[in-house]
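# Need a 3D model of the sequence below.
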Amino acid sequence: MAMTRWNEKLRRLRLARGWKQIEAARRLGLRPNRYNQYENGRRRPPVDIAVRITDLYGVTLNELFHAAECHEAQHSYQPETLDPEEAAP
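Next comes the predicted model:
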């Protein structure tokens, strides 16, 4: 399955709210050209800005930057089952 880049995810999040880049930048307290650089993949935001972005869009840092569409399905965690004899009493 194709991977989605974090900046494409950022763009989809903005468009889902019907905002122009200038509106998203204003809500984040950024200059519009800086937001544009993030959304176009020319820059990655520093951690403090990334946290503000995730707060604005209601996603986690993991959801934004690990942008596989089906990340959990592709890498589902399967805990090891213990042999009953190995389990602690």
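
# and the gap between residue 12 and residue 48?
Using C-beta to C-beta, to the nearest Å, residue 12 is found at 23 Å from residue 48. Bear in mind the C-beta positions are built from the backbone N, C-alpha and C, glycine included.

# These two: who's more crowded?
Under the neighbour definition other C-beta atoms under 10 Å, residue 12 and residue 48 were set side by side, and residue 12 has more, 12 against 8.

# Span of stretch 51-62 from start to end?
11 Å (C-alpha to C-alpha, to the nearest Å).

# what is the mean pLDDT for stretch 29-49?
The average pLDDT within stretch 29-49 is 95.

# which intervals of this protein have sub-threshold pLDDT?
Within the chain, the stretches with pLDDT under 70 are 1-4, 67-89.

# Would you check how far apart residue 61 and residue 22 are?
To residue 22, residue 61 is 24 Å away according to C-beta to C-beta.

# what does residue 45 give?
Distance from residue 45 to residue 22, by C-beta to C-beta: 17 Å.

# between those two, who's got more neighbours?
Remark: of residue 45 and residue 22, residue 45 carries more neighbours, 21 against 14, as counted by other C-beta under 10 Å.

# need the contact list for the nearest residue to the more buried one once chain neighbours are set aside.
Of all residues not flanking residue 45 in the chain, residue 38 sits nearest, at 5.2 Å (C-beta to C-beta, 6 or more residues apart in numbering). If a contact means C-beta atoms under 8 Å, 6 or more residues apart in numbering, then residue 38 has 7, 10, 44-45, 49, 53 as its contacts.

# which secondary structure element contains residue 38?
Using DSSP states H and E, residue 38 falls within helix 32-39.

# Which elements pack onto whichever helix or strand comes after that helix?
Using DSSP H and E, the helix or strand that follows helix 32-39 in sequence is helix 47-57. When contacts are defined as 3 or more C-beta pairs under 8 Å, 6 or more residues apart in numbering; DSSP states H and E, helix 47-57 packs onto helix 6-16, helix 21-28, helix 61-65.

# ok and helix 47-57 relative to helix 6-16, angle-wise?
For helix 47-57 against helix 6-16, the angle between stretch directions is 30 degrees (axes from the mean of the first three to the mean of the last three C-alpha atoms, to 10 degrees).
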